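Engineer: Have a look; sequence and predicted model below, questions after that.
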Amino acid sequence: MKSARSLRLSFVVALAATFLLYLFAGRYPGPGFTNPASLFSDETARRIFFSIRLPRALGAILLGAVLGGSGAAFQTIFGNPLVDAGFLGVSQGAAFGAAGALVAASLPVVKALLPAFAINAFVSLVSFVMALAALGASLALARRFKFGGQVLRLILAGLAVSAFFSSLLAAVKYVADPLSQLPDIVFWTMGSLTAMGWQRFWTIAPISLFSLGFLFLMRWRATLLSLDDEVSRSMGLRPEIERAAIAVIAATGVAVVTAACGIVSWIGLVVPQVARIYAGADGRNSIPLSMAGGAIFALAADGIARTLFPGELPLGIVTALLGAIAFAALLASRSTEMAR
Amino acid sequence: MRELEARRVSFSRQGRGLIIADISFKLLAGKKMAILGANGAGKTTLLSLLGGRLAPSAGAVLLDRESVGNIAPRALAKKVAFLPQIERLPFNYRVLEFVLMGRAPHIQPLSLPGAADEAKARSALAELGLAALEGLRAGEISGGEFQLVRMARCLAQEAELLLLDEPTSLLDPANARRVARELASLASKGKTIVFATHDIALARSLADLILILGNHGVLRLGPPAEVLRPEYLGQAFGVEFDLGQIPTAYANLA
């Protein structure tokens, strides 16, 4: 299919262009674009470019690709355009873990054991563990439900687990110190790439890339799983096992980027819808394009979040605001029939 | 495939009692069998048992003397295709993409369908006279066409045994006849077909063998002329039939 190839090419070009714009946009020496020549002459410009903007740009690409790709995979394997990886409790579990860790970090016992420079890593680690715990709880609970098909059981279990962890998060917020801890918690739940340096990038890269690679390879298999289970089974699939494998690996990718960057909403839910409008619902196109589209969107949103004002905006605010406007405009302007 | 055999197959489900009771038959390759019976008589369950998606509580379903329960899913899918009565379409796939999914048993889990698979999907569409639909979205074609597209997906699967659950139930008479004609042509090319139906005309025109389910067991098993009689149909459906009410075969299917 030639049109699919040109579509892929245009996404790659758009990603490369956004990446370059992102790298050169900023507020040094003044607001605007860095002169490429200054990379050779200005030591500070070079440091900002290679030690701050480059890892952050690559982190944004990973974040967006994981959220977009896993959202597309989830929607495909559940045959439901309104789910994303967060619905199995991953986001709420991660949020509770991060908030709990932020509060715990100020307890004397933890302070004694934990050097100050390790607090960020501690928060990410606890957040990642709690995200996986929430995922495990959803899967275990779904197995114990005695009614409905696999999809319904997973969605209901995810609802229950999400509600459970958001109540725990509310409890942590309630006991958190309103001056020193609560702002950190709130900032975390709005998502940010501020702390994305080379170290953090290399921490999340292996699991993220593994998750992306697996979803990329399974993109046609995921499409088959969108059919009714009795149909996919009659084609030789084992729908329960294969769906669970894809869901776990997609959610693990989301858990690792969420632990590092906080909750960045909207990308996982909406980017796949846009990808399906352009590329159709077949996962062979829609899953890779959702990865690329998520990366473009995350780069653009973070570029705005860090350059528009002297102080940074939380990324989640920009993704939701930009996403909502762009999405509404797209649906209103395009006459294309939506592939759901 | 040489033969399909049900050997004293029973199936019961907790709380529902016996759904299939002691059913036996043999079907040779290339033959067509219709399953008739009232709603709830167990037609769909029997198809599920034949396709290995349910395991019998007693007895065995044998494909060339091998129990279907012992055949690995992918190997089984290369031999047996199943078409449920209705099917949810989760996304608005293009017709070719949808038919291509039938190639699944021939493709490794981490691979994609290749040009050869696409060619097979296209020829399956062409075989059913649907080549012109290939680029359309499934939501843009009629219900009758979608039913035929689903059959094309079964053909792309290249199984020798087709299990079809009420293939004409949602179709108008013209499309029902078209499906009947295509099934007859498939059977003439060597496919073995087992279908559950309420369409007595379809059963009469297509089937070599008709199994009437009654009271969860075999009420009658034999060629159409022997079993499509008022007394047996009356017993199966619980209403009076006289000869004039039994539909005749579709004309000119061949």
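Structural biologist: Great, that's in hand.
Engineer: Does A:I155 lie in a helix or a strand, and which?
Structural biologist: Under the criterion of DSSP states H and E, A:I155 resides in helix A:150-175.
Engineer: What residues sit buried inside that helix?
Structural biologist: In terms of neighbour count (16 or more other CB atoms under 10 Å in any protein chain shown), helix A:150-175 has its buried residues at A:150-151, A:153-158, A:160-162, A:164-166, A:168-169, A:172-173. Every residue, glycine included, has its C-beta placed from N, CA and C.
Engineer: quick one: whichever helix or strand comes after it to chain centroid distance?
Structural biologist: Next helix or strand after helix A:150-175 toward the C-terminus (DSSP H and E): helix A:182-189. Averaging C-alpha positions (CA atoms, centre = their mean, to the nearest Å) puts helix A:182-189 18 Å from its chain's average.
Engineer: Could you do stretch B:176-195 as well?
Structural biologist: Centroid separation between stretch B:176-195 and its chain, computed with CA atoms, centre = their mean, is 10 Å.
Engineer: Is it in proximity to chain A?
Structural biologist: No - applying CB under 8 Å from any CB of the partner chain, one finds stretch B:176-195 out of contact with chain A, separated by at least 13.3 Å.
Engineer: For that stretch, the averaged confidence score.
Structural biologist: Throughout stretch B:176-195, pLDDT has a mean value of 89.
Engineer: And for stretch B:132-142?
Structural biologist: 91.
Engineer: Can you point out the buried residues in the one helix or strand B:A81 maps to?
Structural biologist: Per DSSP H and E: B:A81 is located in strand B:80-83. Across strand B:80-83, burial judged by 16+ other CB under 10 Å covers B:80-83.
Engineer: Quick one: list the elements packing against that strand.
Structural biologist: helix A:229-234, helix B:143-156, strand B:161-165 (3 or more CB pairs under 8 Å, 6 or more residues apart in numbering or on different chains; DSSP states H and E).
Engineer: got those as CSV, with distance to A:G283 columns?
Structural biologist: Listed next are those as CSV, based on distance: least, CB to CB, whole Å:
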stretch, distance to A:G283
helix A:229-234, 13
helix B:143-156, 17
strand B:161-165, 27
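Engineer: sorry, back to before: now, which of the buried residues of strand B:80-83 sits nearest chain A?
Structural biologist: Of all the buried residues of strand B:80-83, B:F82 has the smallest distance to chain A: 3.8 Å, by CB to the nearest CB.
Engineer: Wait, that closest one touches B:L49, no?
Structural biologist: No - assessed by CB atoms under 8 Å, B:F82 is found out of contact with B:L49, at 11.4 Å.
Engineer: Taking strand B:161-165 as reference, get the angle to the helix or strand bottoming out on mean pLDDT in chain B.
Structural biologist: Lowest on mean pLDDT, DSSP states H and E among the helices and strands of chain B sits helix B:173-188, with a mean of 86. For helix B:173-188 against strand B:161-165, the angle by axes from the mean of the first three to the mean of the last three CA atoms, to 10 degrees is 160 degrees.
Engineer: State the helix or strand in which residue 220 lies.
Structural biologist: No chain specified, so I'll use chain A. Counting by DSSP H and E, A:W220 is part of helix A:219-225.
Engineer: look at chain B instead
Structural biologist: According to DSSP H and E, B:R220 maps onto strand B:217-222.
Engineer: And for B:F11?
Structural biologist: Going by DSSP H and E, B:F11 is in strand B:3-13.
Engineer: ok, that strand near chain A or not?
Structural biologist: No - on the criterion CB under 8 Å from any CB, strand B:3-13 is out of touch with chain A, staying 14.3 Å away.
Engineer: Please, where are all the strands along the chain?
Structural biologist: I'll assume chain A. Using DSSP state E, the strands of chain A run over A:25-26, A:32-33.
Engineer: The intended chain is chain B.
Structural biologist: B:3-13, B:17-28, B:32-36, B:58-63, B:66-67, B:80-83, B:161-165, B:192-196, B:209-214, B:217-222.
Engineer: who wins for proximity to B:I141 among the ones you listed?
Structural biologist: Nearest to B:I141, of all these, is strand B:80-83, at 16.7 Å by CB to CB.
Engineer: Sheet-wise, list the partners of that closest one with their directions.
Structural biologist: Paired with strand B:80-83 in the same sheet, following DSSP bridges, are strand B:161-165 (parallel).
Engineer: ok, residues contacting the strand it pairs with?
Structural biologist: Applying CB atoms under 8 Å, 6 or more residues apart in numbering or on different chains, the contact partners of strand B:161-165 are B:1, B:4, B:43-44, B:47, B:50-51, B:63, B:79-85, B:151, B:154, B:183, B:186, B:191-196.
Engineer: Same check on stretch B:218-225?
Structural biologist: So stretch B:218-225 is contacted by B:22-25, B:37, B:203-204, B:207-214, B:226-227, B:232, B:235-236 (CB under 8 Å, 6+ apart).
Engineer: from the middle of its chain, how far away would that stretch be?
Structural biologist: Worked out by CA atoms, centre = their mean, stretch B:218-225 lies 18 Å from the chain centre.
Engineer: Next, the buried residues of that stretch.
Structural biologist: Buried residues in stretch B:218-225, counted by 16+ other CB under 10 Å: B:218-221, B:224.
Engineer: For those residues, give me a markdown table that also has distance to A:A298 and pLDDT.
Structural biologist: Below are these laid out as a markdown table (distance: CB to CB, whole Å; pLDDT from 0 to 100):
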| residue | distance to A:A298 | pLDDT |
| --- | --- | --- |
| B:V218 | 63 | 88 |
| B:L219 | 64 | 91 |
| B:R220 | 66 | 91 |
| B:L221 | 64 | 93 |
| B:P224 | 65 | 91 |
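Engineer: interface residues of the stretch 101-250 of chain A facing chain B?
Structural biologist: Residues of the stretch 101-250 of chain A lying close to chain B (CB under 8 Å from any CB) are A:217-221, A:223-224, A:226-228, A:230-238, A:242.
Engineer: Now the buried members of those residues.
Structural biologist: For those, buried by 16+ other CB under 10 Å: A:218-221, A:223-224, A:226-228, A:230-238, A:242.
Engineer: so what's the residue nearest to B:G52 when sequence neighbours are not counted scoring on pLDDT?
Structural biologist: Nearest non-adjacent residue to B:G52, counting by CB to CB, 6 or more residues apart in numbering or on different chains: B:V68, 3.6 Å away. We have a pLDDT of 95 for B:V68.
Engineer: Residue 53 - how many residues pack around it?
Structural biologist: Let's take chain A. A:R53 has 20 neighbours, counted by other CB atoms under 10 Å in any protein chain shown.
Engineer: nope, chain B
Structural biologist: By other CB under 10 Å, the residues close to B:R53 number 19.
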